[in-house]
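structure of the sequence below:
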Amino acid sequence: MSLRDVHWSLYFLFWLAAIVAAGAVVGAAVFPLVGLCFRSGYTAGQLVANGVRTGSFYCFLWAPGIAVVLCVMRAYRRRHPEAP
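This next block holds a predicted model:
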């Protein structure tokens, strides 16, 4: 395995983790607002925990595909710097 393979693997893992973390943050912010507006029977802590879990899960479903596309886009731009 070459250094180039490690570079792309780390780039992929970075985007994967960033997308999942963004989903967790958005879920943690949105779930308490919606839960408290609709007066669900959950506490704010339970709503935040459910938001983190649900947001990170749904983003984890999309993150690998998005990360692969971002890696391919970066490789293309590095190989063809004159392309838009």
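
quick one: the helices in this protein?
3-37, 44-79 (DSSP state H).

which one of these has the lowest average pLDDT?
Mean pLDDT is lowest for helix 3-37 among the helices of the chain, at a mean of 90.

ok, the most centrally placed residue in the chain - contacts?
Geometric centre of the chain, nearest residue: residue 19, 1.4 Å, by CA atoms, centre = their mean. With contact taken as CB atoms under 8 Å, 6 or more residues apart in numbering, residue 19 is in contact with 59-60, 62-63, 66-67. Backbone N, C-alpha and C define where each C-beta goes, glycine included.

could you do residue 42 as well?
Residue 42 touches 35, 50, counting by CB under 8 Å, 6+ apart.

kindly report the same for residue 50.
Applying CB under 8 Å, 6+ apart to residue 50 gives the contacts 27, 31, 42.

repeat that for 6 Å
residue 31 (CB atoms under 6 Å, 6 or more residues apart in numbering).

how far away is it from residue 38?
Note on residue 50: its distance to residue 38, by CB to CB, to the nearest Å, is 13 Å.

same thing with residue 66?
Taking CB to CB, one finds residue 66 at 30 Å from residue 38.

of those two, who's got more company?
Neighbour totals were compared for residue 66 and residue 38, and residue 66 leads with 14 against 7 (other CB atoms under 10 Å).

for that one, which non-adjacent residue is closest in space?
residue 19 (6.0 Å; CB to CB, 6 or more residues apart in numbering).

quick check: phi and psi at residue 41.
Main-chain torsions, residue 41, degrees, to the nearest 10: phi -80, psi 10.

distance of it from residue 53?
On the measure of CB to CB, residue 41 and residue 53 end up 18 Å apart.

what does residue 47 give?
For residue 47, the distance to residue 53 - CB to CB - is 11 Å.

neighbour count for the two, which is higher?
residue 47 (20 against 14).

show the contacting residues for that one.
Counting by CB under 6 Å, 6+ apart, residue 47 has contacts 31-32, 35.

how close does residue 17 sit to residue 56?
10 Å.

just residue 80 next, same as before
35 Å.

those two: who's more crowded?
Set residue 80 next to residue 56 and count neighbours by other CB under 10 Å: residue 56 wins out with 20 against 9.
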